[in-house]
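> After the sequence you'll find the predicted model.
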Amino acid sequence: MAFTPIVDKEKCVGCEECVDVCPAEVFEMVDGKSDPVNAEECMGCESCVEVCEADAIIIEED
């Protein structure tokens, strides 16, 4: 099963919490916003969703 992390750039405040919490190192900061540059590594644990106070991240199941 594959998972796809999606970041709503309009909601992202650039706090970097998702970068810090992700065990698969999916996220990097690009232009001050979170970007799932390694999306294929997502394990679907939703740690990023839990720490995102801006509710800017969702995980879709492929």
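Done, it's in.
> Only C-alpha atoms from now on, for both contacts and neighbour counts.
Fine.
> Now Asn38: closest residue in space that isn't a chain neighbour?
Spatial nearest neighbour of Asn38, excluding adjacent residues (Cα to Cα, 6 or more residues apart in numbering): Val26 at 4.5 Å.
> wait, doesn't that neighbour sit right on Ser34?
No: in this structure, Val26 is not within contact of Ser34 by Cα atoms under 8 Å, at 9.8 Å.
> Report the set of residues contacting both of these two.
When contacts are counted by Cα atoms under 8 Å, 6 or more residues apart in numbering, Val26 and Ser34 have Val19 as shared neighbours.
> Neighbour count: those two, which is higher?
Taking other Cα atoms under 10 Å, Val26 and Ser34 do not tie; Ser34 has more neighbours (25 against 21).
> Quick one: the strands in this structure, in order.
3-7, 28-30, 33-35, 57-61 (DSSP state E).
> so what does the third one touch, helix or strand wise?
Looking back up the chat, that one is strand 33-35. strand 28-30 (3 or more Cα pairs under 8 Å, 6 or more residues apart in numbering; DSSP states H and E).
> strand partners of the strand it packs on, parallel vs antiparallel please.
Partner strands for strand 28-30, per DSSP bridges, with pairing direction: strand 33-35 (antiparallel).
> and the strand it pairs with, average pLDDT?
What strand 33-35 shows for mean pLDDT is 98.
> hmm, who's touching it?
Outside strand 33-35, the residues that reach it (Cα under 8 Å, 6+ apart) are 7, 9, 12-14, 16, 18-19, 27-29.
> and those residues, which are buried?
Taking 16 or more other Cα atoms under 10 Å as the criterion, what is buried in the contacts of strand 33-35 is 7, 12, 14, 16, 18-19, 27-28.
> could the residues you listed go into JSON lines alongside distance to Glu61 and pLDDT?
Compiled in JSON lines, these are given as follows (distance: Cα to Cα, whole Å; pLDDT from 0 to 100):
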{"residue": "Val7", "distance to Glu61": "15", "pLDDT": "98"}
{"residue": "Cys12", "distance to Glu61": "21", "pLDDT": "98"}
{"residue": "Gly14", "distance to Glu61": "24", "pLDDT": "98"}
{"residue": "Glu16", "distance to Glu61": "23", "pLDDT": "98"}
{"residue": "Cys18", "distance to Glu61": "18", "pLDDT": "98"}
{"residue": "Val19", "distance to Glu61": "20", "pLDDT": "98"}
{"residue": "Phe27", "distance to Glu61": "17", "pLDDT": "98"}
{"residue": "Glu28", "distance to Glu61": "21", "pLDDT": "98"}
